[in-house]
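[1] structure here, sequence nowhere to be found:
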């Protein structure tokens, strides 16, 4: 059995790749260089130079902003925001997405709590196809990040690169499932009455990632009657869910593409920043144990300050905000927009959900082909830790790709910029064909 570790370098005019083939566990790394079997498709860089394609933070549709219907987009540039929204509407009109709700009755959470009716919202594209045995052969599950929703993947930088005619996940030939996870989007969540939620505030069950994945599984199998997945992929939080899927349902999935995470317990700086976010909210007296009548602005602002740093892109932000005045204006406008559209309890629950995450001990159970992709400018998952390279060796059919910092990457938010990494997806789909 061979385990492969590949470091992918995408250059500005193409790519340079160094591939290291690793022999069975305990053997030395091979010394030869191997060219990866795909090229950087011409035209994929267009969005980086096209202002109309730009989204939050200059072309980075971060998971924390996904699903908020573009309200945070281009906070300092209304014309860019309008153009981005028009482009999104055009993509959605062509794809004809279907939205629905599946209600799970008597859902039991990992800590023993239960909800009589758990609402799970979803968006789908295309139709399921079955083989002679009734097995679904074309289903693709795509999982959003913290604070996001499934509809976030309908943006041009993602859907426009993957779901169109002849593209890798063509909606005419694939059944694409985009859930809103527990606590997110239009699914059941803690926020106060008056929002599309259950209004339970801090009485809402304290869900974790395992609960969210079980909800996803219930939606896929019972709600949508899908009995097999061609691909599971996810960004940030969805990346972590992807690892859980591979371990919990090893024979259910052909291929996995985790984008922007690590398959280990959240610790170190990652845990510290998450705790800062949660503590900032709870330490604001206006939070009032979650029973506020208006948002605890000071706590929410402090939490969003940390969140913004987590998804920062220093190279691009320096280029786009080259003066102190521009940087200050960007920060203030983004925070004002975010505070107007976030809910403190929802944010608190969403970050707290990662507390039990740790797929490391059972990575060896994964049977699917795995293409794990991170970027070198990701504050949340810094490459100097060396964790991804180490952990992928535990996966029988696993590969890790590290994207270097380029004019195309946008820090943590690179996970949603499909033009940057879709060559990796193409390779994964070819290798996992059965």
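    That came through, no problem. All values reported here derive from a predicted model rather than from experimental measurement.

[2] now do the contacts for residue 282.
    Residues near residue 282 by C-beta atoms under 8 Å, 6 or more residues apart in numbering: 299, 348. C-betas here are computed from N, CA, C, even on glycine.

[3] and it, how far from residue 351?
    Applying C-beta to C-beta, to the nearest Å, the value for residue 282 to residue 351 is 11 Å.

[4] cool, and residue 284?
    15 Å.

[5] low-confidence regions, the stretch 1-150 of the chain specifically.
    Applying pLDDT under 70 to the stretch 1-150 of the chain flags residues 1-85, 87-89, 91-92.

[6] go again using 50 as the cut-off
    For the stretch 1-150 of the chain, applying pLDDT under 50 flags the ranges 1-76.

[7] now do the stretch 251-400 of the chain
    Ranges of the stretch 251-400 of the chain meeting pLDDT under 50: none found.

[8] would you map the helices across the stretch 151-300 of the chain?
    159-162, 209-218, 237-248, 268-282, 297-310 (DSSP state H, counting those that start in this stretch).

[9] list just the one of those helices that sits closest to residue 382.
    Minimum separation from residue 382 across the helices of the stretch 151-300 of the chain (C-beta to C-beta) falls at helix 268-282, 8.0 Å.

[10] starting at the chain centroid, how far to that closest one?
    In terms of C-alpha atoms, centre = their mean, to the nearest Å, the centre of helix 268-282 is found 19 Å from the chain centre.

[11] and if you look at stretch 251-261?
    So, by C-alpha atoms, centre = their mean, the centroid of stretch 251-261 is 12 Å from its chain's centroid.

[12] before we move on, back to that, what about residue 284 and residue 351, which has more around it?
    residue 351 (23 against 20; other C-beta atoms under 10 Å).

[13] my guess is that one contacts residue 279. True?
    No: Residue 351 is beyond contact range of residue 279, at 10.4 Å (criterion: C-beta atoms under 8 Å).

[14] excluding its backbone neighbours, what's nearest residue 202?
    Of all residues not flanking residue 202 in the chain, residue 290 sits nearest, at 3.5 Å (C-beta to C-beta, 6 or more residues apart in numbering).

[15] before we move on, the earlier item: any idea which of the helices of the stretch 151-300 of the chain is most buried?
    Greatest average neighbour count among the helices of the stretch 151-300 of the chain goes to helix 237-248 (a mean of 26), per mean count of other C-beta atoms under 10 Å.

[16] so that one versus helix 209-218, what angle?
    Note on geometry: by axes from the mean of the first three to the mean of the last three C-alpha atoms, to 10 degrees, helix 237-248 and helix 209-218 are set 80 degrees apart in direction.

[17] tell me what helix 237-248 is packed against?
    strand 139-143, helix 209-218, strand 229-235, strand 253-259 (3 or more C-beta pairs under 8 Å, 6 or more residues apart in numbering; DSSP states H and E).

[18] next, count neighbours for residue 336.
    For residue 336, the number of neighbouring residues by other C-beta under 10 Å comes to 12.
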